[in-house]
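Peer 1: sharing a sequence plus its predicted fold:
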Amino acid sequence: MTAPRTEPENDFPASTPRMSRRVRHWLAGAGITALAATLGITLAVRGGATPACAAPPSGNTVHKGKASFYDAGRSGGNCSFPGPPADRLYVALGSSQYSGGAACGSYLDVTGPKGTVRVMVMDQCGGCGPTKIDLSTEAFTRIADRSQGIASVTYRAALNPPLDGGLTFRIKGGASQYWFAVQVGNHGNPLRSVEAKGTSGGFRKAARQTDNYWTIEGGLGPGPYSITVTDVYGQKATATGIRMVTKQVQRSTVSLISPATPSSSPSAPASPSAPPPSPTPTESVTPTATVEAIAGAAPLPGPRC
């Protein structure tokens with residue numbers, strides 16, 4: 001799993017020398033450690049830990065914060081995607097909004113001084129605060145001048161963003177009939193749950209992992225599998241015929257997003273969203289898929305803080 005990206009929580013521009021950042025962080029850390037020692041306090045630091053009551057952006061809540069930029073290269077980030085989206089419009093969130101991988105594959109509409117851009121959540125920014133985001137270079141230049149380094153922005157979830165094609169499924173390398181692990185892609189909204197079953201027995205709930213895979217201990221047999229996916233708005237769909245073929249993208253025709261439900265966007269026009277990167281022709285396999293249910297678009301109740 002890719003280690004969480006670290007980004008300074010202050011507002012130093014991207015052009016700030018690395019040594020200066022490290023010195024500042026070291027001095028701050030040394031001061032805190034000395035104070036803790038004086039007061040007899042033990043500090044427990046967990047890099048990339050998910051705060052209590054963390055949740056990805058959802059609904060119509062508008063967040064106000066700061067944005068910087070970075071280049072993930074060919075990496076799919078902490079969300080373990082095969083690579084960045086084809087348009088390279090992506091974002092890394094701080095640990096509270098990354099929420100242990102719960103934000104992976106969802107989209108945000110980000111508005112800055114120059115306009116609005118739609119980006120896919122692909123990564124975690126380990127040093128970003130609750131409202132600090134780290135955009136791809138390509139996305140940042142859509143909403144601000146690169147020379148700024150840091151820009152004031154507002155952002156919110158892109159509700160039911162239009163996507164090309166249906167849900168995708170990718171079995172993790174090392175998975176087998178004795179240990180099930182699947183990544184769900186091209187879902188648009190944040191996911192709430194994933195359930196799966198083999199050729200016998202009922203559906204079993206999968207556990208979300210921070211690398212954006214859903215796992216079931218003990219496995220589900222050799223397959224093929226039926227997988228039910230539910231997003232945070234209660235929209236649900238089931239795909240069938242998913243095979244135990246690791247590291248390959250299996251495409252379905254089923255979608256969580258009802259065609260009759262319009263996409264919510266901010267007042268400024270957003271650029272069209274793009275689907276996750278397409279696999280090579282040798283990777284793509286197509287399972288059958290059926291829609292089980294489509295529910296309303298109101299967010300389901302979250303945890304009480």
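Peer 2: Nice, I can see it.
Peer 1: may I see the buried residues of stretch 139-156?
Peer 2: 139-140, 142-144, 148-151, 153-156 (16 or more other C-beta atoms under 10 Å). Where you see a C-beta, it was placed from the backbone N, CA and C, and this is true even at glycine.
Peer 1: that should have said stretch 175-195, apologies.
Peer 2: 175, 180-192, 194-195.
Peer 1: list the strands paired with the lengthiest strand in the chain, with their directions.
Peer 2: The longest strand of the chain (DSSP state E) is strand 115-124. Paired strands of strand 115-124, with direction, are strand 90-93 (parallel), strand 107-112 (antiparallel) (DSSP bridges).
Peer 1: what's the closest of these to residue 252?
Peer 2: Closest to residue 252 of those, according to C-beta to C-beta: strand 107-112, at 19.3 Å.
Peer 1: how about the closest one: buried residues?
Peer 2: Buried-residue list, strand 107-112, by 16+ other C-beta under 10 Å: 107-112.
Peer 1: so what touches that strand?
Peer 2: The set of residues external to strand 107-112 that reach it, using C-beta atoms under 8 Å, 6 or more residues apart in numbering, is 57, 67, 91, 116-121, 133, 135, 139-140, 143-144, 151-158, 161, 188, 265-266, 268, 270, 273.
Peer 1: ok, back up a step: what packs against whichever helix or strand comes after the longest strand of the chain?
Peer 2: Once the chain leaves strand 115-124, the next helix or strand it forms, by DSSP states H and E, is strand 132-136. Counting contacts by 3 or more C-beta pairs under 8 Å, 6 or more residues apart in numbering; DSSP states H and E, strand 132-136 is packed against strand 63-70, strand 90-93, strand 107-112, strand 115-124.
Peer 1: so where is the chain shaky, pLDDT-wise?
Peer 2: Residues of the chain that meet the criterion pLDDT under 70 lie in 1-53, 258-305.
Peer 1: could I get the full set of helices for this protein?
Peer 2: Using DSSP state H, the helices found in the chain span residues 18-39, 95-98, 137-143.
Peer 1: which of the buried residues of stretch 175-195 lies closest to residue 71?
Peer 2: Closest to residue 71, out of all of those and judged by C-beta to C-beta, is residue 185, at 21.8 Å.
Peer 1: dump the residue contacts of the closest residue in space to that closest one that isn't next to it in sequence.
Peer 2: Of all residues not flanking residue 185 in the chain, residue 168 sits nearest, at 4.0 Å (C-beta to C-beta, 6 or more residues apart in numbering). By C-beta under 8 Å, 6+ apart, the contact set of residue 168 is 184-186, 249-252, 276.
Peer 1: dump the residues you listed to JSON lines, plus distance to residue 77.
Peer 2: Converted to JSON lines, the contacts of residue 168 look like this (distance: C-beta to C-beta, whole Å):
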{"residue": "184", "distance to residue 77": "16"}
{"residue": "185", "distance to residue 77": "13"}
{"residue": "186", "distance to residue 77": "16"}
{"residue": "249", "distance to residue 77": "17"}
{"residue": "250", "distance to residue 77": "21"}
{"residue": "251", "distance to residue 77": "21"}
{"residue": "252", "distance to residue 77": "23"}
{"residue": "276", "distance to residue 77": "11"}
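Peer 1: with respect to residue 125, which of the residues you listed is nearest?
Peer 2: residue 276 (19.5 Å).
Peer 1: neighbours around residue 98, how many?
Peer 2: Residues near residue 98, counting by other C-beta atoms under 10 Å, number 27.
Peer 1: same deal with residue 198?
Peer 2: Residue 198: 18 neighbours (other C-beta under 10 Å).
Peer 1: quick check: it vs residue 218, distance?
Peer 2: As judged by C-beta to C-beta, to the nearest Å, residue 198 and residue 218 stand 11 Å apart.
Peer 1: now do residue 247
Peer 2: For residue 247 relative to residue 218 (C-beta to C-beta), the value is 22 Å.
Peer 1: quick revisit: ok, of the contacts of residue 168, which one's closest to residue 75?
Peer 2: Comparing every one of these with residue 75 (C-beta to C-beta), the shortest separation belongs to residue 276, at 13.3 Å.
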